[in-house]
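> any chance you can model this:
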Amino acid sequence: MAASRIPIAARRRDLIELVVAYALILIVIWSPRPWQRILWWLAAAAVLAIASFSLEDLQAMGLRRENFLRSFWIVILASLLSAAAVVLALRLHTLHVPATPLLFIKTYAGYIIWTFVQQLLMQCFFLARILRLLPRAWLAALITALIFAVAHLPNPILAPATLLWGLASCLIFLHYRNIYTLAIAHAILGVTLTITVPAAVHHNMRVGLGYLTYAHSHKPAALSQP
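Below is the predicted model:
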C-alpha cells in the first residue's frame, strides 16, 4: 500500500514504534556492562512486544520458500567474495581461524543466529514501517540502511560495510521477499570479515561503547555484538 493511502494515525504509530525501538537499541549499544546485559533483555522484550501488535503474515515477512532459489545468487556472490577475501588474507598473513571445525562452529554459531535476527529486524521491523512512511521504496531502503549503519558506529569497518549491505539487502528483499538467502549471505560475509581482518582493527567486531573500551587480548577472535 502506498504511504499516502495509509491513515495518518497508523503512520504516526509506525513513526513512534520506530523511534522507541531504535532508541532502545542505541541505549543498549552505548551502555556499559553489566547494565548492557540487563538493558539488552529489556530492549529485546520491548521490540518483540511492539512487533507482536502489528505482526505480518509469514509470507510478507519473507519467511517462505518462494524465490529462495531465484535469490540464491546472493549466497553464491557472498561465497565468492568470501573466498577472495580469504585468499587475500592468506597473502597478507592476516587470516585467523579457530583451530578445528568444531571450535569454528562453537565460536560463530551464535553470530550466525544473530545475523538472522538482524535481517528480521532490518527488513521486517524497520523497512516495513519506513515503507509505510515514505513514498518511494528505494528511499525507504536507503533510510533503513543508514539506520543500520549508525547502529554500528564508531567501528570504521562495520559502519561502511553495514551501510552497503543494508542498502543491498533491502533492495534485494523488496524484489524477492525472501529473508533466508539474505541471512545466509549476511552470515558468510560477517564471519569472513572477522577472520580476515585483524581484531585490532575491528575491535573484535564490537560497536558503540564496546568498541571504544575494547582491550586487546590474546584470546581467539569471536563475534561479540550485543
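> can we go C-alpha only for contacts and neighbour counts from here?
Will do.
> L120 in helix, strand or coil?
In three-state terms, and counting by DSSP: H, G, I helix; E, B strand; the rest coil, L120 is helix.
> list the contacts of it.
Residues in contact with L120, defined by Cα atoms under 8 Å, 6 or more residues apart in numbering, are 61, 179.
> now do the same for it: its pLDDT.
Predicted confidence (pLDDT) at L120: the value is 92.
> and what of R64?
For R64, the pLDDT comes out at 84.
> host element of W40?
helix 35-53 (DSSP states H and E).
> wait, what's in contact with the most centrally placed residue in the chain?
For the chain, the residue nearest the mean C-alpha position is Q118 (3.8 Å; Cα atoms, centre = their mean). Taking Cα under 8 Å, 6+ apart as the contact definition, Q118 lies against nothing.
> any buried residues in the helix or strand that H175 is a member of, and which?
Per DSSP H and E: H175 is located in helix 158-176. Neighbour counts using 16 or more other Cα atoms under 10 Å place 158-174 of helix 158-176 among the buried residues.
> and if you look at stretch 105-121?
Taking 16+ other Cα under 10 Å as the neighbour-count basis, stretch 105-121 is seen to contain the buried residues 107-108, 111-112, 114-116, 118-121.
> and for stretch 84-99?
With the criterion 16+ other Cα under 10 Å, stretch 84-99 contains buried residues 85-86, 89, 95-98.
> model confidence over stretch 213-224, on average?
Here the mean pLDDT over stretch 213-224 is 54, rounded to a whole number.
> same check, this time on stretch 67-75
What stretch 67-75 shows for mean pLDDT is 96.
> quick one: terminal-to-terminal distance for that stretch?
The first and last residues of stretch 67-75 sit 13 Å apart, counting by Cα to Cα, to the nearest Å.
> now that stretch: buried residues?
Using 16+ other Cα under 10 Å, the residues of stretch 67-75 that count as buried are 67-68, 71-72, 74-75.
> give me the contacts around it.
Under the criterion Cα under 8 Å, 6+ apart, residues 176-178, 180-182, 184-185 lie in contact with stretch 67-75.
> what's the end-to-end length of stretch 201-211?
Comparing the first residue of stretch 201-211 with its last one, the separation is 10 Å (Cα to Cα).
> ok now that stretch, how far from the chain's centre?
15 Å (Cα atoms, centre = their mean, to the nearest Å).
> pull out the buried residues from that stretch.
By neighbour count with 16+ other Cα under 10 Å, stretch 201-211 contains the buried residues 202-211.
> just these now: which is nearest L18?
In terms of Cα to Cα, no member of the buried residues of stretch 201-211 lies closer to L18 than G208, at 19.6 Å.
> I'd assumed L153 was in contact with the closest one.
Yes: A contact is recorded between G208 and L153 when judged using Cα atoms under 8 Å, the distance being 5.8 Å.
> output the below-cut-off pLDDT ranges for this protein.
1-4, 55-60, 215-226 (pLDDT under 70).
> helices along the protein, start to end?
With helices called from DSSP state H, the chain shows them at 8-29, 35-53, 58-61, 73-92, 101-119, 128-133, 137-150, 158-176, 179-196, 199-202, 208-212.
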